[in-house]
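S.K.: Any chance you can model this:
(2 chains)
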2 protein chains.
Amino acid sequence: MTAPLTPPPEKNARPATHRNLGIDSDRLWASIHETAQIGGTPKGGINRQALTTTDREVRDWFKAACEACGCTVTVDGLGSMFARRPGRHPTLPPIAIGSHLDTQPTGGRYDGVLGVLAGLEILRALDDSGHITNAPIEVINWTNEEGARFAPAMLTSGVFAGVFTQDYAESRQDRTGTSFGTALDGIGYRGTAKAHPISAHFELHIEQGPILEAEGATIGIVTGVQSIRWYEITVTGADSHAGTTPMHLRHDAMLAAARMIAAMADIAASHGPDAKATVGLVECRPNRRNAVPGEVFFSLDLRHPEDHVVASMDAQAQTIITRLAEAGGVQATISMTWESPAVHFNPSCIEAVERATLAAGLPHRRIVSGAGHDSAYIARIAPTTMVFIPCAGGLSHNEAESATQTDIAAGADVLLRAVLDLDSQFEETQA
Amino acid sequence: MTAPLTPPPEKNARPATHRNLGIDSDRLWASIHETAQIGGTPKGGINRQALTTTDREVRDWFKAACEACGCTVTVDGLGSMFARRPGRHPTLPPIAIGSHLDTQPTGGRYDGVLGVLAGLEILRALDDSGHITNAPIEVINWTNEEGARFAPAMLTSGVFAGVFTQDYAESRQDRTGTSFGTALDGIGYRGTAKAHPISAHFELHIEQGPILEAEGATIGIVTGVQSIRWYEITVTGADSHAGTTPMHLRHDAMLAAARMIAAMADIAASHGPDAKATVGLVECRPNRRNAVPGEVFFSLDLRHPEDHVVASMDAQAQTIITRLAEAGGVQATISMTWESPAVHFNPSCIEAVERATLAAGLPHRRIVSGAGHDSAYIARIAPTTMVFIPCAGGLSHNEAESATQTDIAAGADVLLRAVLDLDSQFEETQA
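M.R.: So this is what the prediction gives:
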């Protein structure tokens, strides 16, 4: 990764200095709440699903805002937007700040939006100060991170990272049968930009969990994304009449499933504080008050920062489910439907965030992301990390999602400092 | 209960004897399978819900069959049909044999139907033999026993017994908003017969449970109907993200509910082999794979032959649900939605069935009905009991419901013998 030294463009011919360079908390806060009106819901959240007219509207707003502070906005073949501010060394791959402007159908104001608009605020702050970075700075709005309209989630960052093909992404359909490609053309956001090298990828995001708030930390220095496995379990017994079937002659699928669900929590408990086991979806059949249930279907979600721990939980779950099925006179089938190995973020990026946090004097902790993010895919092709800030009650994917202006400003400040920290390393490299 | 001795009508002027008096197994079997075509389903069951055109069709068939063996059929204001064969003492209240010809939407061929058609077979057998009973014999087809179209179940036997009012029954609506009264007029089965005293009420029914089959008994001598209480439990925690919420910060309504459901079975086990606890209906919300459930609604059905045992189970359930809610960091509300006290059938009727069973040399056991039946209400106003026969696998309310011709004939034979036994007591009384 070498690039010839070239003189900075005349417009930005000011010394590379952090003097007068800082994010404007009120401006960032205003951007968040101004764009929240685009697809805003009566309950104060946002319904701005990917490639809808409201998505087009916020894209237009974002493009204009980036161009207004001297950036060039390009769009790739899946609608992802790249707002680039030139650096001193134009052939250096850009340092990227990415997240997403699409939301869940009943989404909040911060999930994804914060990451993109904090990037915009950094572009504006750089423009205000006239600071010239070594590498270009590129703020990215990844299309369809949520996967709420077009499954799966993180679709276009996945294509960018080579996880999915372009054709696969374009052929995804929403519930009405409209394809991603058709919807993309419909809002006029199919571009020609190609996937390109990036020096690093930073993403500021609300935690979407309760840990930072519970521990009084403002900054989560994200070291990776935990390992995840999803399962479907079907428990098959025999329907019978609740009034006429003695307990010892029953094959009660719900009773057996209840014991299994309780056991899954015990498995998590035995694997330490970072292990999680969740049964979020349960279907009981025939689901009548006076019928002993003959079949229960439930999901199981196992997570831990380390793959080997998830593998150990998997083995225990299989054993216990099998044993409880036998004890309950029922059958159980278990199938793994998804596996996402642990992601370990780049140490240099993590350290840059850590130095920035210490410099800002903010309470912090290292944390592993429990949820998926565009950064999880981008980490496969570029040095990557994330910065978390608290959200009230850990609530997310909910119109009541909230974060404070103070924490948002702190997160954006850390993001700016980390980007400049990393960028300063290029100076040394290039010098 | 006295009535003047009057000479029997000329037509039946034969001596009161059991000679040549017995049920015709093939004829009964044929009646069951002939009428099963009325509302018959492709899977071999019956969909003949109350007051539909198929219900009218089977009523017409039943009326004609009863009249063909010398009975008079009257209909009351709710469509219940009374096919009466005169006895020697016309002022004696009739000995009734009742059940129902309506079915569940995916009902079997025997539930209810067996009781009415075994009654018809007895009328035919009496007619064939010319036997004159002391009391009139009345075979009753109770309207809407199932409650599948018009809730609640056992609606018209309930009115007959004074549990519900006529107006209440007529105003019940099906899912399309059609009232019972309108549907009744629609099939032309609103009559003028009034509720009247009956000497006794016998009902032959499939067990709808697995006990007789499991123990190799042909006849269940039914001593009563168990005590039943129904509850609705709502467990309220907090939705959260399965990936980002550590186990110790969760308020997982499904995990708490699972522990409660398992505990309910333990409560039943601690109250002996006749106690039953069933959680048949479970609704998990938001019911997504990656969300910790914030709310679970479930039903609880507690049963035991004795009221005081159900009361004890109730107290334990309340205590344990409250304790598990507290331990799980969730709230739980418990409300009792239905209570049906234990019914104890009439000792004289029970003994008549027992003598009949012993005389027939059939393997038998005393049993408590787990399900509700018309007899449970009629027991409030007349000496009542029931006779159970096995059904394959205990399966009922299912198109695959089945019973053997041998067991059906045995049950009808016991029913006839028990009716004649009870009737013979009138002879002594009247002599």
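
S.K.: Tell me who's in contact with A:H304.
M.R.: Neighbouring residues of A:H304 by CB atoms under 8 Å, 6 or more residues apart in numbering or on different chains: A:226-227, A:271-272, A:274-276, A:310, A:313, A:342. The C-beta positions use only the backbone N, C-alpha and C, and glycine is treated the same way.

S.K.: Check what pLDDT the closest residue to A:A371 other than its chain neighbours gets.
M.R.: Closest residue to A:A371 apart from its sequence neighbours, by CB to CB, 6 or more residues apart in numbering or on different chains: B:G243 at 4.5 Å. Looking at B:G243, its pLDDT is 93.

S.K.: Repeat that for the one 4 residues further on.
M.R.: If you check B:M247, the pLDDT there is 97.

S.K.: Could you do A:A151 as well?
M.R.: The predicted structure scores A:A151 at 88 on the pLDDT scale.

S.K.: What is the neighbour count of it?
M.R.: 13 (other CB atoms under 10 Å in any protein chain shown).

S.K.: That one touches A:R172, doesn't it?
M.R.: Yes. Counting by CB atoms under 8 Å, A:R172 is a contact partner of A:A151 at 6.7 Å.

S.K.: picking up where we left off before, can you tell me how far the residue nearest to A:A371 sits from A:D239?
M.R.: 35 Å (CB to CB, to the nearest Å).

S.K.: Need the contact partners of stretch A:50-58.
M.R.: The contact list for stretch A:50-58 (CB under 8 Å, 6+ apart) reads A:35, A:38-39, A:47-49, A:79, A:101-102, A:143-146, A:148-150, A:180, A:183-184, A:186-189.

S.K.: same deal with stretch A:106-115?
M.R.: By CB under 8 Å, 6+ apart, stretch A:106-115 touches A:32-33, A:35-36, A:41, A:43-48, A:97-104, A:145-146, A:148, A:203-206, A:208, A:389, A:391, A:395-403, A:408, A:411.

S.K.: Which ones among these lie within helices?
M.R.: A:32-33, A:35, A:408, A:411 (DSSP state H).

S.K.: now for these, which pair is the farthest apart?
M.R.: Greatest spatial distance in those: A:T35 and A:G411, 17.2 Å, computed using CB to CB.

S.K.: Considering the ones in helices among the contacts of stretch A:106-115, which is situated nearest to chain B?
M.R.: Nearest to chain B, judged by CB to the nearest CB, of the ones in helices among the contacts of stretch A:106-115 is A:G411 at 16.3 Å.

S.K.: Can you tell me the closest non-neighbouring residue to the closest one?
M.R.: Leaving out its chain neighbours, the residue that sits closest to A:G411 by CB to CB, 6+ apart is A:I389, at 3.9 Å.

S.K.: A:Q331 now?
M.R.: Distances taken as CB to CB, 6+ apart place A:T236 nearest to A:Q331, at 4.5 Å, with adjacent residues excluded.

S.K.: what does A:E354 give?
M.R.: A:I221 (5.4 Å).

S.K.: any low-confidence regions in the stretch 301-431 of chain A?
M.R.: By pLDDT under 70, the low-scoring segments of the stretch 301-431 of chain A are A:427-431.

S.K.: Which neighbouring elements make contact with the helix or strand hosting A:A352?
M.R.: A:A352 belongs to helix A:347-360 when assigned by DSSP states H and E. Helices and strands touching helix A:347-360, by 3 or more CB pairs under 8 Å, 6 or more residues apart in numbering or on different chains; DSSP states H and E, are strand A:200-206, strand A:219-225, strand A:364-369, strand A:384-389, helix A:405-430.

S.K.: And that helix, what's buried?
M.R.: Using 16 or more other CB atoms under 10 Å in any protein chain shown as the test for burial, helix A:347-360 gives A:349-350, A:352-354, A:356-357.
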